[in-house]
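> Predicted model follows, preceded by the sequence.
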Amino acid sequence: MEKSTSENLIMVTQEPTTGIAQVMINRPKSLNSLTRSMMRSLAQAFKSLDADEFVKVIILSGSGRAFCSGVDLTAAEDVFKGDVKDVEGDPVAQMERCKKPIIGAISGFAVTAGFEIALACDIIVAAKSTKFIDTHARFGIFPSWGLSQKLSRIIGPNKAREVSLSATPLTAEQAEKLGFVNYVVEVGELMKKAQEIAASIAKNNQDLVLRYKSVINDGLKLSLGDALALEKARAHSYYDGMTKEQFKKMQDFIAGRNAGRSKL
């Protein structure tokens, strides 16, 4: 089932049987640069998919030679002066609010805002041709979607300062070594690998998947001691809420898996 915004600039495809949804930025002639309306449409797509009970995993990609080359600077004043405060129309804010796992299938250029959108994904698969570039300092744009804070926490402050202050491109292979790309694949294998990961997630206990993503992401905002306390508190709350029937179902499932392995 395919849905799209006007002009098909943000395309959403859902497969109810698998629970996997795909969101594609579709403005290839402009290297998928984002207009104000596209930003709002992308934010709305994640908000809607998060509320859809049939969606288990979301794959985000871009069409053509770029994942996303950033904000369309022909409308820079309109975007930056107004929309920087608009959480509802902020795609990164909606991605961070999204309870469902988001897999970025990144190919080509992921530049500035495109880099920030990529970092808002939970798992990233990148084609070998991918280049991540932060051009905020080059063009006089102040980061507002998290790049100044997230990148330093992932790759370390010294390397992040180099990448952002010099606008040095990072290849997919470099990004994998630095720890924010999970897999680097040939461009023809990109969606296949993203789908493979999505399918592995979709077959698991969905209540636990959502809770697990939440405790990881929420814990990253805290000190280790506070994060461990958060995990413990949420574990207690989870088990306190389980019925005897749910415990029995868990035990039967584990017993069945163990029995299956013994026959191999």
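All right, it came through fine.
> Give me the three-state assignment for residue 21.
For residue 21, the secondary structure call by DSSP: H, G, I helix; E, B strand; the rest coil comes out as strand.
> residues near it, how many?
27 (other Cβ atoms under 10 Å). Heads up, the C-betas are built off the backbone N, CA and C, glycines and all.
> hey, what's it bridged with?
For residue 21, the beta-bridge partners under DSSP bridges are residue 14, residue 58.
> residues touching it, list them.
Residues counted as contacts of residue 21 (Cβ atoms under 8 Å, 6 or more residues apart in numbering) are 12, 13, 14, 15, 49, 52, 55, 57, 58, 59.
> can you redo those as JSON lines with pLDDT, distance to residue 226 and neighbour count?
JSON lines is the format used below for the contacts of residue 21 (pLDDT from 0 to 100; distance: Cβ to Cβ, whole Å; neighbours: other Cβ atoms under 10 Å):
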{"residue": "12", "pLDDT": "96", "distance to residue 226": "37", "neighbour count": "22"}
{"residue": "13", "pLDDT": "95", "distance to residue 226": "39", "neighbour count": "14"}
{"residue": "14", "pLDDT": "92", "distance to residue 226": "37", "neighbour count": "19"}
{"residue": "15", "pLDDT": "88", "distance to residue 226": "39", "neighbour count": "15"}
{"residue": "49", "pLDDT": "97", "distance to residue 226": "30", "neighbour count": "22"}
{"residue": "52", "pLDDT": "95", "distance to residue 226": "32", "neighbour count": "15"}
{"residue": "55", "pLDDT": "97", "distance to residue 226": "31", "neighbour count": "22"}
{"residue": "57", "pLDDT": "98", "distance to residue 226": "29", "neighbour count": "26"}
{"residue": "58", "pLDDT": "98", "distance to residue 226": "29", "neighbour count": "27"}
{"residue": "59", "pLDDT": "98", "distance to residue 226": "32", "neighbour count": "24"}
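> And the residues you listed, which is closest to residue 185?
Ranked by distance to residue 185 (Cβ to Cβ), these are led by residue 59 at 13.8 Å.
> Pretty sure residue 190 is one of the things the closest one touches, is it not?
No. Between residue 59 and residue 190 there is no contact under Cβ atoms under 8 Å: 10.0 Å.
> Name the residues contacting each of these two.
Residues touching both residue 59 and residue 190 by Cβ under 8 Å, 6+ apart: residue 105.
> how about the closest residue to residue 142 other than its chain neighbours, what does it touch?
The shortest distance from residue 142 to any non-neighbouring residue, by Cβ to Cβ, 6 or more residues apart in numbering, is to residue 136 (6.8 Å). Contacts for residue 136 were tallied using Cβ under 8 Å, 6+ apart; they are 112, 142, 143, 147, 148, 164.
> Let's see that with 10 Å instead.
Shown in contact with residue 136 (Cβ atoms under 10 Å, 6 or more residues apart in numbering): 70, 112-113, 115-116, 142-144, 147-148, 164-165, 167.
> Which of these fall within strands?
Here DSSP state E is the test, and the contacts of residue 136 give no hits in strands at all.
> Let's see if you can find the most crowded of those residues.
So for the contacts of residue 136 (other Cβ under 10 Å), the most neighbours sit at residue 115, 31 neighbours.
> circling back to that earlier point, the residue nearest to residue 142 and residue 27, how far apart?
21 Å (Cβ to Cβ, to the nearest Å).
> Around residue 138, count how many other residues there are.
Neighbour count of residue 138, defined by other Cβ under 10 Å: 13.
> where's it, which helix or strand?
helix 136-139 (DSSP states H and E).
> try residue 233
helix 224-240.
> So which other helices or strands are in contact with that helix?
helix 206-219 (3 or more Cβ pairs under 10 Å, 6 or more residues apart in numbering; DSSP states H and E).
> Give me the residues contacting the helix it packs on.
With Cβ under 10 Å, 6+ apart as the criterion, helix 206-219 contacts 19, 50, 53, 56-57, 96, 98-102, 122, 201-205, 226-231, 233-235, 237-238, 246.
> What of stretch 234-254?
Contacts of stretch 234-254 (Cβ under 10 Å, 6+ apart): 205, 207, 208, 211, 212, 214, 215, 218, 219.
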